[in-house]
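Undergrad: Only the shape, not the letters, is given here:
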């Protein structure tokens, strides 16, 4: 299992966290997503090493920016 933490800019509430979670969960191999809106972070558990391009695309699809 792989655990990765990313910084996501633009999230302000639980709804934001839900949108980001929903999009990241669509990435094949993702097993869990934990969003911390207060600290602008997303921690992703997966059964494989995720490609940063995939994660960036998911975050952007949700309407936010990966840093």
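TA: That came through, no problem. Keep in mind that what you see is a predicted model, and the values were worked out from it rather than measured. Numbering: from 1, shown residues only.
Undergrad: Spell out, range by range, the helices that occur in this structure.
TA: Ranges of helices in the chain, per DSSP state H, are 14-25, 52-61.
Undergrad: Distance to residue 42, mean pLDDT and mean neighbour count for these - can I get that in TSV?
TA: Where you see a C-beta, it was placed from the backbone N, CA and C, and this is true even at glycine. Formatted as TSV, these follow (distance: least, CB to CB, whole Å; pLDDT from 0 to 100; neighbours: other CB atoms under 10 Å):
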stretch	distance to residue 42	mean pLDDT	mean neighbour count
helix 14-25	6	96	17
helix 52-61	8	97	16
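Undergrad: For residue 5, find the nearest of those helices.
TA: With CB to CB as the measure, helix 52-61 is the member of the helices of the chain nearest residue 5 (10.8 Å).
Undergrad: before we move on, the earlier item: turn the helices of the chain into a markdown table, including distance to residue 39.
TA: Converted to a markdown table, the helices of the chain look like this (distance: least, CB to CB, whole Å):
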| stretch | distance to residue 39 |
| --- | --- |
| helix 14-25 | 12 |
| helix 52-61 | 15 |
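Undergrad: So which of those helices is nearest residue 6?
TA: Among these, the nearest to residue 6 by CB to CB is helix 52-61 (6.1 Å).
Undergrad: Output the contacting helices and strands for the closest one.
TA: Counting contacts by 3 or more CB pairs under 8 Å, 6 or more residues apart in numbering; DSSP states H and E, helix 52-61 packs against strand 2-9, helix 14-25, strand 65-66.
Undergrad: tilt between the longest one and strand 2-9?
TA: When you say that, I think you mean helix 14-25. Between helix 14-25 and strand 2-9, the angle comes out at 140 degrees (axes from the mean of the first three to the mean of the last three CA atoms, to 10 degrees).
Undergrad: Just checking the distance from helix 14-25 to the centre of its chain.
TA: For helix 14-25, the separation from the chain centroid amounts to 7 Å (computed by CA atoms, centre = their mean, to the nearest Å).
Undergrad: and if you look at the shortest one?
TA: Per CA atoms, centre = their mean, the displacement of strand 65-66 from the mean C-alpha position of its chain is 9 Å.
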